[in-house]
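Engineer: here are the coordinates; sequence isn't available:
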């Protein structure tokens, strides 16, 4: 059993949990992920590691409520246990040799981008962070990003925080103003990563994206997480989750993540209705 | 001594009717009754040269156990099997007996061989249902051995070492022990409570099982030695990495590896209403491949209500699956498109599988595998209308340990290199089963686990 030590609601759709998992905390690196199951009949889902504390032996996850499993997960509280918590899986984000990097996060992806940005900062890399949200109520980790970034841009789709626009608008401005990056690291919705990659390709800046496809086991067994990179089929769980954004076939990846969308929507509604009944 | 039953045919195995069982996940074969088992056991000639034993990878003393069955001493029969085979309820169900013990049976020269597998299953099930004897708990010899993977190789190695007094810990990556026995083989062929019984038996021998432990990630092989003080490590991590055909369209929605499809169903119970794990099984499913895994996937899809077709590039004679599985699949209404090979998957506009483009094949000279090589027939291109394709063309060893263990020699295709006893290029590190050979059978993995257990015992004692 894996105890939830801390739960924090970051915004109406995003929750942070700190989980007691000393062995995983000892090995975890930015960019890696865990697989969890909420309960005995639960689904195995992958979530990227948002932070870890090797001394205290805990691992932080930040998740967006999208389907039945994240709904169930969100219903747990401090002191409750997760049934299963496996990791750290996947390869860590490579940071070696980098001097100046733009980190571009979108929505809940910011939670995953943050430990990468922090690690870069700790290694003395100049970090420019661009984080994007739909509106100002959904912004989280702004302060944390500000502390470790040499420059930070917080964008909202509707401009409710003052900076209206997409993360690509901010990135384009920086690139146009002559900023030279060794690499752009971007984590967020597939569509966002696709457009960041398309933009940076024009400027010939190497771009690393973090894929989060459908997975069952997370150890290279099911092949469900396959992603076309270049013209090769790669498994995100063992070959990734980081890939060269200029090589990833995003359109195919976007289609593949929609495989269970209908099922998910229905399951989500069912769980919600059940929940309402329980509340009564 | 009971008289010999001269019948040329085996006692038939009672099974669920095909049109009933292809709609449920309960076990297909129901097992012999006591009388059937005794009657079948009486077909054994108790030959002096006992060829059947040679056919068994773990050398079960077959004629002796069968003689006990003939006399109604079922527990004694079980004890005889259990001396060399720690998973008889599993082997009795999934071993390819027709290629092993039964292939050598003298009764098979004229008529059908003795139903050795069915008798083994009967004896093991009888033991599970009736035996109250607790296993003797071996006295600890103070040495710790780590086993990576809880499939048949790991379970066997663990059992043999525990019986010798070793303190054994099995590390399993999934949340449930059993490896391919739980994620791969369906409930209707191998009920999971049977696997659980065997695992419980190991626990009674003080074998510890740590689930959710991906060795190579959470702990390295070196840490197992240095920090956790294991004296030897056995790697039985299996061949779980699925192969794909690399044909166009393989990443459309609705294309599964057999591993993913079967894991969703067997391990995650996607067919049950209280499971959160979804599965997409369309109305028309093509399963590509002809092995046991292909049969399992096809029969699962059938049970989920699909019209299922096996697409295999060779002819019926070359189908690698067990005869019984092929027969069962046919009875259950699975179509067989033999001498057919897919070359492309065509999708709908929104990326779902729509058609499988195939070529008809003919057989030519034998290839490196010794089997007739399939060659495409020109102009034979045709399309199958399907909405789900399950690729079941094989697996290669899981790369995780190879990628994270220094000095562990592996073949180009991923198999861990070992000597005859299972010793790898690393001192104290042994390996066996599919991780070494590539995808094979449960019993061969068990044989490797047994050999390694013996070698590990010799190694630790010689230190």
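Structural biologist: Perfect, I can see it now. Computed from a predicted model, the values in this text were never measured in an experiment.

Engineer: contacts and neighbour counts: CA atoms only from here.
Structural biologist: Will do.

Engineer: would you confirm that residue B:391 contacts residue B:291?
Structural biologist: No: the pair residue B:391 / residue B:291 is not scored as a contact, 11.2 Å apart, by C-alpha atoms under 8 Å.

Engineer: neighbour count winner among those two?
Structural biologist: Counted by other C-alpha atoms under 10 Å in any protein chain shown, residue B:391 and residue B:291 do not tie: residue B:391 has more neighbours, with 26 against 20.

Engineer: what does the stretch 101-250 of chain B have sitting close to chain A?
Structural biologist: With C-alpha under 8 Å from any C-alpha of the partner chain as the criterion, the stretch 101-250 of chain B meets chain A at residues B:173, B:174, B:175, B:212, B:213, B:214, B:217, B:218, B:240, B:241, B:242.

Engineer: how many other residues sit next to the fourth one?
Structural biologist: Each residue near residue B:212 was counted by other C-alpha under 10 Å, and the total is 20.

Engineer: give me phi/psi at it?
Structural biologist: phi 60, psi 30 (degrees, to the nearest 10).

Engineer: how about the contacts made by it?
Structural biologist: Counting by C-alpha atoms under 8 Å, 6 or more residues apart in numbering or on different chains, residue B:212 makes contact with A:84, A:85, A:86, A:87, B:171, B:172, B:173, B:174, B:175.

Engineer: reformat those as a markdown table; add distance to residue B:114.
Structural biologist: Shown next, in a markdown table, are the contacts of residue B:212 (distance: C-alpha to C-alpha, whole Å):
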| residue | distance to residue B:114 |
| --- | --- |
| A:84 | 45 |
| A:85 | 48 |
| A:86 | 46 |
| A:87 | 48 |
| B:171 | 38 |
| B:172 | 37 |
| B:173 | 39 |
| B:174 | 38 |
| B:175 | 39 |
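
Engineer: shaky segments in chain B?
Structural biologist: Within chain B, the segments meeting pLDDT under 70 span B:1-2.

Engineer: where does it get nearest to chain A, which residue?
Structural biologist: Taking C-alpha to the nearest C-alpha as the measure, chain B has residue B:260 as its residue closest to chain A, at 4.2 Å.

Engineer: how many residues are close by that residue?
Structural biologist: Neighbours of residue B:260 under the rule other C-alpha under 10 Å: 26.

Engineer: equivalent analysis for the one 4 residues further on, please.
Structural biologist: Other residues within reach of residue B:264, judged by other C-alpha under 10 Å, total 25.

Engineer: helix, strand, or coil at it?
Structural biologist: Following DSSP: H, G, I helix; E, B strand; the rest coil, the label given to residue B:264 is helix.

Engineer: my guess is it meets residue B:270, correct?
Structural biologist: Yes: counting by C-alpha under 8 Å, residue B:270 is a contact partner of residue B:264 at 5.4 Å.

Engineer: common neighbours of those two, please.
Structural biologist: B:277, B:278, B:279.

Engineer: roughly how far does the first one sit from residue A:259?
Structural biologist: Taken as C-alpha to C-alpha, to the nearest Å, the spacing of residue B:277 relative to residue A:259 amounts to 13 Å.

Engineer: can you name the residue of the stretch 101-250 of chain A nearest chain B?
Structural biologist: Counting by C-alpha to the nearest C-alpha, the stretch 101-250 of chain A gets nearest chain B through residue A:222, at 4.2 Å.

Engineer: how close does the residue nearest to that residue when sequence neighbours are not counted sit to residue B:446?
Structural biologist: Counting by C-alpha to C-alpha, 6 or more residues apart in numbering or on different chains, residue A:222 lies nearest to residue B:260, which is 4.2 Å off, once chain neighbours are set aside. Here the criterion is C-alpha to C-alpha. By it, residue B:260 lies 24 Å from residue B:446.

Engineer: now residue B:459
Structural biologist: From residue B:459 across to residue B:446, the span is 20 Å (C-alpha to C-alpha).

Engineer: so between those two, which is more surrounded?
Structural biologist: A direct count of neighbours by other C-alpha under 10 Å for residue B:459 and residue B:446 places residue B:446 higher, at 27 against 15.

Engineer: report all helices and strands that the host helix or strand of that one contacts.
Structural biologist: Assigned by DSSP states H and E, residue B:446 belongs to helix B:442-462. Applying 3 or more C-alpha pairs under 8 Å, 6 or more residues apart in numbering or on different chains; DSSP states H and E, we find helix B:442-462 packed against helix B:88-94, helix B:152-163, strand B:232-235, strand B:429-431.

Engineer: that helix: how far from the chain's middle?
Structural biologist: 19 Å (C-alpha atoms, centre = their mean, to the nearest Å).

Engineer: what angle do that helix and helix B:152-163 make?
Structural biologist: Per axes from the mean of the first three to the mean of the last three C-alpha atoms, to 10 degrees, the angle that helix B:442-462 makes with helix B:152-163 is 40 degrees.

Engineer: got a list of contacts for stretch A:70-88?
Structural biologist: By C-alpha under 8 Å, 6+ apart, stretch A:70-88 touches A:1-7, A:15, A:21, A:24, A:27-29, A:32-40, A:63-65, A:268, A:271-272, B:173, B:175, B:212-214, B:217-218.

Engineer: tell me who's in contact with the nearest residue to residue B:107 once chain neighbours are set aside.
Structural biologist: Of all residues not flanking residue B:107 in the chain, residue B:113 sits nearest, at 4.7 Å (C-alpha to C-alpha, 6+ apart). Going by C-alpha under 8 Å, 6+ apart, residue B:113 touches B:9, B:10, B:102, B:103, B:105, B:106, B:107.

Engineer: out of those residues, which are buried?
Structural biologist: Neighbour-count burial within the contacts of residue B:113 applies to B:9, B:10, B:102, B:103, B:105, B:106, B:107; the criterion is 16 or more other C-alpha atoms under 10 Å in any protein chain shown.

Engineer: and the contacts of the helix or strand containing the fourth one?
Structural biologist: The reference is to residue B:103. Secondary structure assignment for residue B:103, by DSSP H and E: helix B:101-104. Residues outside helix B:101-104 that contact it (C-alpha under 8 Å, 6+ apart): B:51, B:52, B:53, B:54, B:55, B:56, B:97, B:108, B:113, B:114, B:115, B:116.

Engineer: residue A:101: which of the helices and strands packed on helix B:442-462 is closest?
Structural biologist: strand B:232-235 (40.6 Å; C-alpha to C-alpha).

Engineer: I'd like to know which elements that closest one is packed against.
Structural biologist: strand B:144-148, helix B:152-163, helix B:221-226, strand B:429-431, helix B:442-462.

Engineer: now the ones you listed in CSV, with distance to residue B:124?
Structural biologist: Shown next, in CSV, are these (distance: least, C-alpha to C-alpha, whole Å):
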stretch, distance to residue B:124
strand B:144-148, 25
helix B:152-163, 16
helix B:221-226, 35
strand B:429-431, 28
helix B:442-462, 16
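
Engineer: residue A:4 and chain B: what is the separation?
Structural biologist: Per C-alpha to the nearest C-alpha, to the nearest Å, residue A:4 is found 17 Å from chain B.

Engineer: same question but for residue A:66, I mixed them up
Structural biologist: The value you get for residue A:66 to chain B, if C-alpha to the nearest C-alpha is used, is 14 Å.

Engineer: and that residue, how far from residue A:265?
Structural biologist: For residue A:66, the distance to residue A:265 - C-alpha to C-alpha - is 8 Å.

Engineer: for residue B:106, same thing?
Structural biologist: 60 Å.

Engineer: same question for residue B:435.
Structural biologist: Counting by C-alpha to C-alpha - residue B:435 and residue A:265 are separated by 39 Å.

Engineer: what does stretch A:172-188 contact?
Structural biologist: With contact meaning C-alpha under 8 Å, 6+ apart, stretch A:172-188 is reached by A:98-110, A:112-113, A:193, A:196, A:199-200, A:203, A:205-211.
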